[in-house]
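1. the following block contains a protein sequence and its predicted model.
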Amino acid sequence: MRRRSTVLTTAAALAGALALAGCGSGSDAGSSKAELSVSAPYMPQPVSADMAAGFLTITNKGGAQDELTSVTSDVAGQVTMHSTMGGAMQEKSSFAIPAHGQLVFKSGGNHLMFEKLKRKPDQGQKVTLKLTFARSGPLTVEMPVKSATYNPSTGH
């Protein structure tokens, strides 16, 4: 009887150790990194021949913060990132994207500036841009050109 008890105790201890081993970081890896996606991109049709603005939302469904570090586009010599606070526009070198959060670029707030346009995009066309992040791989986005007065909340 004593031998059977020892075998059961050993078996229970082994099962417990295996269960704990399954709780390691390997089974959770997906939630410990950023999971980025882009929605609602648009560019109002530029009113000048050399500059345009762009807006979009970057969503992070992952468990780690990331950072947008640069944006490039085939239509512009340079794309800069800006924040607007209290009516003052300030160029930024990066923007944090919180874990389980969003980075929103919208009219009157954070926005992209497409400078030194190589061509003036027209309504109905699409502009390609590449978003580069500190930790995640780059994302390529097709940004539709809307009317100069487009308002995403009304669709006009």
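-> Alright, I've got the coordinates.

2. okay, CA-based contacts and neighbour counts for the rest of this
-> Fine.

3. now the protein, which segments are flagged as low pLDDT?
-> Across the chain, the ranges flagged by pLDDT under 70 are 1-31.

4. tell me which residue is most central in it.
-> Nearest to the geometric centre of the chain sits residue 58, at 3.6 Å (Cα atoms, centre = their mean).

5. my guess is that residue meets residue 99, correct?
-> No. Using Cα atoms under 8 Å, residue 58 makes no contact with residue 99, being 11.4 Å away.

6. please settle this for me: is residue 102 part of a strand?
-> Yes. Checked against DSSP: H, G, I helix; E, B strand; the rest coil, residue 102 lies within a strand.

7. next one: it from residue 64, what distance?
-> As for residue 102, its distance to residue 64 is 12 Å (criterion: Cα to Cα, to the nearest Å).

8. so residue 139 sits against residue 131, correct?
-> Yes. The criterion here is Cα under 8 Å, and residue 139 meets it with residue 131 at 5.1 Å.

9. in terms of neighbours, single out the busier of those two.
-> A side-by-side neighbour count of residue 139 and residue 131, using other Cα atoms under 10 Å, places residue 131 first with 17 against 14.

10. bridging residues for the more buried one?
-> Under DSSP bridges, the beta-bridge partners of residue 131 are residue 71, residue 139.

11. likewise residue 146?
-> When bridges are called by DSSP bridges, residue 146 pairs up with residue 44.

12. okay but it is in contact with residue 40, surely?
-> No. Residue 146 is beyond contact range of residue 40, at 11.7 Å (criterion: Cα under 8 Å).

13. higher neighbour count, these two?
-> Higher neighbour count among residue 146 and residue 40: residue 146, with 22 against 13, using other Cα under 10 Å.

14. please, where are all the helices along this protein?
-> For the chain, the helices defined by DSSP state H cover 2-21.

15. domain-wise, how is it divided?
-> 1-30, 33-146 (automatic domain parsing).

16. let's have those in TSV, adding distance to residue 152.
-> Formatted as TSV, the domains of the chain follow (distance: least, Cα to Cα, whole Å):
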stretch	distance to residue 152
domain 1-30	32
domain 33-146	8
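
17. deepest of those domains, which one?
-> Highest mean neighbour count among the domains of the chain (mean count of other Cα atoms under 10 Å): domain 33-146, with a mean of 17.
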